[in-house]
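Peer 1: I'd like to go over a predicted model; first the sequence, then the structure.
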Amino acid sequence: MTKPKIVTMITEFIESARKQFEFYKLLGEKTFSQLSDEQLFWQYNEESNSIATIVKHLSGNMLSRWTDFLTTDGEKEWRNRESEFENDIKDRNEMMQRWEDGWICLFVALNSITEDNFDTVIYIRNMGHTVTEAINRQLAHYPYHVGQIVFIGKMLLNDKWSSLSIPRGASKTYNDEKFTEPKRMAHFTDEFLSKKKE
């Protein structure tokens, strides 16, 4: 039996959002893997955040936004946003634990969304959002910070940086290869994630 079109659209949207979140999570992790422990805590100046501090903020936001996503306000009473910008994570292990805690919370929440609850109003600081709006809000926020993480990594490593996308000077070769392949339904995210174990 064919699924109703609206159910298919909801499923496709959630799956697309999941792939985008997975993509940016992996970009962050591929940056972490290139850096020393010391570099994770480097700050350009006193007004700038280290990578570890950005991770701390991302995790705090994720835990607040995605815990009880469908039933409670996304700005939890227990969240202390100001403390997220204190550079007090002890080491790489603690940073990675915070990183994973935030993403796990996010993906569990995405898994809880169905066609039956997709019309739920999501509140963030008492402002109502559709589920789509609430997800898109975070899809804009998290890549903004992951981009900061990547940029800091590139600054620190300079010519030792290993590109996370198409390396400089290789665009034509990459495009030529792609246009020799048959047309298919795919997303860059799928291709990138398929290389995760390489």
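Peer 2: Arrived safely, thanks for sending.
Peer 1: C-alpha from now on. contacts and neighbour counts both.
Peer 2: OK.
Peer 1: For residue 53, see how far away residue 79 is.
Peer 2: 16 Å (CA to CA, to the nearest Å).
Peer 1: which non-adjacent residue is nearest residue 28?
Peer 2: Spatially, and ignoring its direct neighbours in sequence, residue 28 is nearest to residue 146 (5.9 Å; CA to CA, 6 or more residues apart in numbering).
Peer 1: List the buried residues in stretch 11-21.
Peer 2: Residues of stretch 11-21 classed as buried by neighbour count (16 or more other CA atoms under 10 Å): 14, 17, 18, 19, 20, 21.
Peer 1: picking that back up, could you identify the helix or strand that succeeds the helix or strand harbouring the residue nearest to residue 28?
Peer 2: Here residue 146 sits within helix 131-157, counting by DSSP states H and E. Note on helix 131-157: by DSSP H and E, the next helix or strand toward the C-terminus is helix 171-179.
Peer 1: re the thing from before, the residue nearest to residue 28: what's it in contact with?
Peer 2: Residue 146 makes contacts with 24, 25, 27, 28, as judged by CA atoms under 8 Å, 6 or more residues apart in numbering.
Peer 1: cool, residue 99 as well?
Peer 2: The contact partners of residue 99, by CA under 8 Å, 6+ apart, come to 55, 56, 58, 59.
Peer 1: from those, which ones fall inside helices?
Peer 2: 55, 56, 58, 59 (DSSP state H).
Peer 1: Show me which of those is closest to residue 84.
Peer 2: Nearest to residue 84 among these: residue 56, at 5.6 Å, using CA to CA.
Peer 1: low-scoring pLDDT stretches of the chain, where are they?
Peer 2: Filtered on pLDDT under 70, the chain yields the residue ranges 1-4, 6, 186-198.
Peer 1: Run through the helices of it in chain order.
Peer 2: Counting by DSSP H, the helices of the chain are 5-32, 51-66, 92-111, 131-157, 171-179, 188-194.
Peer 1: looking at the ones you listed, which is buried most?
Peer 2: Stretch with highest mean neighbour count among the helices of the chain: helix 51-66 (a mean of 25; mean count of other CA atoms under 10 Å).
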